[in-house]
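Colleague: All I have is the shape, not the residue letters:
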């Protein structure tokens, strides 16, 4: 399984020195498919490898650096648009990692800009972004209404000149989800940066990564998200030996104990991350989904993939609401 090969090389770059040509092809294909090619390139910088692989990974490092600069510029553009409102703006996910100079940001693929703002200020934030050049991505009335009523974020926006998207969150999980994180605490305890923006505190950063991975999705891109957790946990444990205990306490406050515990167990299983309790039987199914890439970068285990897709919707919605939503989406496609 090439997903396992990607994880093994990330965890121990020395594993790459014995790869043959076919294994290098499989590693690169799977890493690209999992959006981990930049992370692999950074981890393997300086490791002996075939010239063709070296060129590919050098390009990946350069592309990741361009992505880092672009992400920071988008954060700055959002800060300028929202500064007159005088409200807290917290960066999330990849942009937060690079803005805070964390190891999790090195080589990381960064797509949309994700920010967290107080829910009571959503209307003002929306108006300020629209005035600054962002436009709606989802013009469909049903999708727009669904986001506003049931989701943890505004409908996505895209900048008309830069073609870059922003997701404006007011919490980190849909209100219909089983856990209910303390959005006020996420914002109140955020760590200020020097540019008027903030990032989540270390414990909340890991809890959010775990929530995004296990409580809000079908594990698509999960190997990358679990690598985020590995990098964050290692860096924060090195700073503070009591970090895991503090994380466990904070996860309970956000009703994310199960998600964080599973994240730590699977990170330990796949990347050797410090922390994490004893494995449970269901961890094997999650690992199967996370490591499903073959040597061509294709997903295997389609039944498992579909099962996690259904699970992702089940976690977000009560049964009656889920049935209505799927029926509406089905009718719109006809």
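Modeller: Looks like it came in fine. Just so you know, these numbers come straight off a predicted model, no measurement behind them.

Colleague: alpha carbons only for contacts and neighbour counts from here, please
Modeller: Will do.

Colleague: tell me the contacts of residue 116?
Modeller: By CA atoms under 8 Å, 6 or more residues apart in numbering, the residues touching residue 116 are 89-92, 168-171, 187.

Colleague: can you pull the buried residues of the one helix or strand residue 249 maps to?
Modeller: Using DSSP states H and E, residue 249 sits within helix 243-253. For helix 243-253, burial by neighbour count (16 or more other CA atoms under 10 Å) applies to 243-244, 247-248, 250-251.

Colleague: I'd say residue 135 and residue 160 touch.
Modeller: Yes. Using CA atoms under 8 Å, residue 135 is in contact with residue 160, at 6.5 Å.

Colleague: the more surrounded of those two?
Modeller: Shown here are residue 135 and residue 160; by other CA atoms under 10 Å, residue 135 has more neighbours (19 against 14).

Colleague: Ramachandran coordinates for the more buried one?
Modeller: phi -130, psi 160 (degrees, to the nearest 10).

Colleague: In this structure residue 79 contacts residue 193, no?
Modeller: No. The pair residue 79 and residue 193 fails to qualify as a contact (CA under 8 Å) at a distance of 11.7 Å.

Colleague: of the two, who's got more company?
Modeller: Taking other CA under 10 Å, residue 79 and residue 193 do not tie; residue 79 has more neighbours (17 against 14).

Colleague: need the contact list for residue 40.
Modeller: By CA under 8 Å, 6+ apart, the neighbours of residue 40 are 6, 9-10, 31, 57, 107.

Colleague: Present the residues you listed as TSV; the columns should include secondary structure, neighbour count and pLDDT.
Modeller: Listed next are these as TSV, based on DSSP: H, G, I helix; E, B strand; the rest coil; neighbours: other CA atoms under 10 Å; pLDDT from 0 to 100:
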residue	secondary structure	neighbour count	pLDDT
6	helix	27	97
9	helix	18	98
10	helix	22	98
31	helix	25	96
57	helix	21	98
107	coil	25	98
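
Colleague: Show me the contacts of residue 116 that map onto strands.
Modeller: Counting by DSSP state E, these place 90-92, 168-169 in strands.

Colleague: Give me the buried positions along stretch 27-47.
Modeller: Buried, per 16+ other CA under 10 Å, within stretch 27-47: 27-44.

Colleague: got the end-to-end distance for that stretch?
Modeller: Length of stretch 27-47, first residue to last, CA to CA, to the nearest Å: 15 Å.

Colleague: 463 is where my numbering starts, stick with that
Modeller: New numbering, starting at 463: the last item is stretch 489-509.

Colleague: got any ranges where the stretch 463-612 of the chain has weak pLDDT?
Modeller: Along the stretch 463-612 of the chain, the parts satisfying pLDDT under 70 run over 463, 600.

Colleague: What sits closest to residue 705 if chain neighbours are left out?
Modeller: For residue 705, ignoring the flanking residues on the chain, the nearest one in space by CA to CA, 6 or more residues apart in numbering is residue 699 at 5.4 Å.
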